[in-house]
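K.L.:
would you be able to build a 3D model of this:
(one chain, ligands or ions: 1)
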Amino acid sequence: MKIGTVFAITTLGLLVSVHAMAQKTLAEATKGKFLFGVAVNMQQVNGVSPIESELIAKEFSTIVAENCMKPQPTHPEENKFNWEDADKFVAFGEKNKQVVTGHCLIWHSQIGRWMFVDSTGKDVSPEVLKERMRKHIYAVVGRYKGRVKGWDVVNEAFEDNGSYRKSKFYQILGKDFIKYAFQYAHEADPNAELYYNDYNVESPTKCDGIVQMVKELKAAGCRIDAVGSQSHMHINTPSVAATETSFKKLKDAGVHILITEWDISILPSPYDGANISMNFKYSKEMDPYRDGVPDSVQQKWNKRVLDMFELFLKYNDVIDRVTVWGLSDTGTWLNGFPIRGRKDYPVLFDRNNQRKSVVDDMIKLTKKY
Ligand code: XIL
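P.N.:
Below is the predicted model:
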């Protein structure tokens, strides 16, 4: 909560302005280092819980849509676009004077099947798919031209072993689908920043695959400003060292880095990834903190947040943005992924929309960099 400036008169009678550290916001504390953002859902855009909408406006300098700009919601059928939610989302960011990020243009998940098939259900030709991609990208990027700072152009094109994911895009067009997507996005808004986004970027083989792709895109004359590391993390993995290695490799490849979907699950994990089609059976052992998190576990989570945040600060010359994937533990997608019906505690505000104590420590850390 912002209390503002507290004035105190010292014994010498001097007027001293004291900013209460704890009241500083994350957006203020990270200013000049990187943008600090949050993923926003439509209830928050629509003000269903005004306190959440206010927190988003106050604590963060940038927002991204958790779902409403993805291919399926914006373009559910070949000749049908839905702009209502995305329009509201962009206007919400503008009203709050926040930088708006676009997520995402080309992704194998949350996309209508129509994109890949003809009227008989058979795969379309490479030329037809290219044209559909072009129309989709031109429509979405063109609509928000000049209002969205940058786009996740392609999401999750790699497997963890560094090979290309055998998505429909890849099956029909080969790896060139990535190049086409970046070209179309650049044509639609030449001033927009363009990003490649993926999870488990800390996996050495995956990171190497991404670096190679960045080099190929640059050699082909494509604009690519940054690689987004989703950073869906767990309480024990990935290590800080592995994360740092991935930052070094990306930095050496001449791209900036974005932490695009940061959260740190506190729960036991059956799977270290963020492929949204993965789903595991519920059991009580996998959902141990229904009645609260024991102090020792909470301390461990806090340390993990601070270790990672310190690494982000250390690389703030190349990290342009850190975005948390969701405002509070109430709405986090991890309550439903990769096991439905659990109770996770992975983000910076609790179930009562209170800022967690670790945030004050994060703010203190910013002073060191
Ligand atoms: C997730 C959303 O948080 C959920 O609400 C939705 O049901 C599925 O997608 N990688 C991404 C994000 O790039 O778009 C995903 O978001 C999480 C994994």
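K.L.:
now do the contacts for the residue of the stretch 1-150 of the chain found nearest the ligand.
P.N.:
Nearest residue of the stretch 1-150 of the chain to the ligand: Glu66, at 4.8 Å (CB to the nearest ligand atom). To be clear about C-beta, it is placed using only N, CA and C from the backbone, and glycine gets the same treatment. Glu66 makes contacts with Ala39, Val40, Asn41, Trp325, Gly326, Trp333, as judged by CB atoms under 8 Å, 6 or more residues apart in numbering.
K.L.:
let's see it at 7 Å
P.N.:
Ala39, Val40, Asn41, Gly326 (CB atoms under 7 Å, 6 or more residues apart in numbering).
K.L.:
give me the pLDDT for the nearest residue to Glu159 once chain neighbours are set aside.
P.N.:
Leaving aside its chain neighbours, Glu159 sits nearest to Arg165 (5.4 Å; criterion: CB to CB, 6 or more residues apart in numbering). At Arg165, the model reports a pLDDT of 98.
K.L.:
let me see the backbone angles for Arg165.
P.N.:
For Arg165, the backbone dihedrals (degrees, to the nearest 10) come out as phi -60, psi 140.
K.L.:
for Ile210, see how far away it is.
P.N.:
Per CB to CB, to the nearest Å, Arg165 is found 12 Å from Ile210.
K.L.:
tell me, what's touching these two both at once?
P.N.:
With CB under 7 Å, 6+ apart as the test, Arg165 and Ile210 both reach Phe158.
K.L.:
for these two, indicate the residue with more neighbours.
P.N.:
Per other CB atoms under 10 Å, whichever of Arg165 and Ile210 has more neighbours is Ile210, with 25 against 15.
K.L.:
next one, pLDDT for the more buried one please.
P.N.:
pLDDT, Ile210: 99.
K.L.:
shift numbering so it begins at 29
P.N.:
Noted, 29 is the first residue going forward, which turns the last one into Ile238.
K.L.:
in this structure it contacts Asp226, no?
P.N.:
Yes. With contact defined as CB atoms under 7 Å, Ile238 reaches Asp226; the gap is 6.4 Å.
K.L.:
residues shared between the contacts of those two?
P.N.:
With CB under 7 Å, 6+ apart, Ile238 and Asp226 have common neighbours Phe186.
K.L.:
those helices in the stretch 29-178 of the chain, which residues are they?
P.N.:
Counting by DSSP state H, counting those that start in this stretch, the segments of the stretch 29-178 of the chain that form helices are 54-58, 70-73, 78-87, 99-102, 112-123, 154-171.
K.L.:
any chance of a markdown table for the ones you listed, columns distance to the ligand, mean neighbour count and mean pLDDT?
P.N.:
Output for the helices of the stretch 29-178 of the chain, formatted as a markdown table (distance: least, CB to the nearest ligand atom, whole Å; neighbours: other CB atoms under 10 Å; pLDDT from 0 to 100):
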| stretch | distance to the ligand | mean neighbour count | mean pLDDT |
| --- | --- | --- | --- |
| helix 54-58 | 20 | 20 | 97 |
| helix 70-73 | 10 | 20 | 98 |
| helix 78-87 | 15 | 17 | 98 |
| helix 99-102 | 10 | 20 | 98 |
| helix 112-123 | 13 | 17 | 98 |
| helix 154-171 | 15 | 17 | 98 |
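K.L.:
which of those helices sits closest to Lys243?
P.N.:
helix 154-171 (22.4 Å; CB to CB).
K.L.:
mind giving me the packing neighbours of the closest one?
P.N.:
strand 127-134, helix 196-201, helix 204-216 (3 or more CB pairs under 7 Å, 6 or more residues apart in numbering; DSSP states H and E).
K.L.:
I'd like those as TSV, with distance to Asp180 appended.
P.N.:
Output for the helices and strands packed on helix 154-171, formatted as TSV (distance: least, CB to CB, whole Å):
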stretch	distance to Asp180
strand 127-134	4
helix 196-201	15
helix 204-216	10
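K.L.:
picking up where we left off before, and the contacts of Glu94, which of them are in strands?
P.N.:
Ala67, Val68 (DSSP state E).
K.L.:
out of the contacts of Glu94, what pair is the most spread apart?
P.N.:
Val68 and Gly354 (8.7 Å).
K.L.:
name the nearest residue to whichever residue of the stretch 229-378 of the chain sits closest to the ligand, sequence neighbours excluded.
P.N.:
Here the stretch 229-378 of the chain gets closest to the ligand at one residue, Trp361, 3.4 Å apart by CB to the nearest ligand atom. With CB to CB, 6+ apart as the criterion, Trp361 has its nearest non-adjacent residue at 6.5 Å, and that residue is Gly354.
K.L.:
was I right about that neighbour contacting Val375?
P.N.:
Yes. Under the contact definition of CB under 7 Å, Gly354 touches Val375, with a separation of 5.2 Å.
K.L.:
okay, and the common contacts of those two?
P.N.:
Both Gly354 and Val375 are in contact with Asp291, Thr360, where contact means CB under 7 Å, 6+ apart.
K.L.:
now stretch 313-332: average pLDDT?
P.N.:
Here the average pLDDT along stretch 313-332 is 98.
K.L.:
so, low pLDDT: which residues of this protein?
P.N.:
29-50 (pLDDT under 70).
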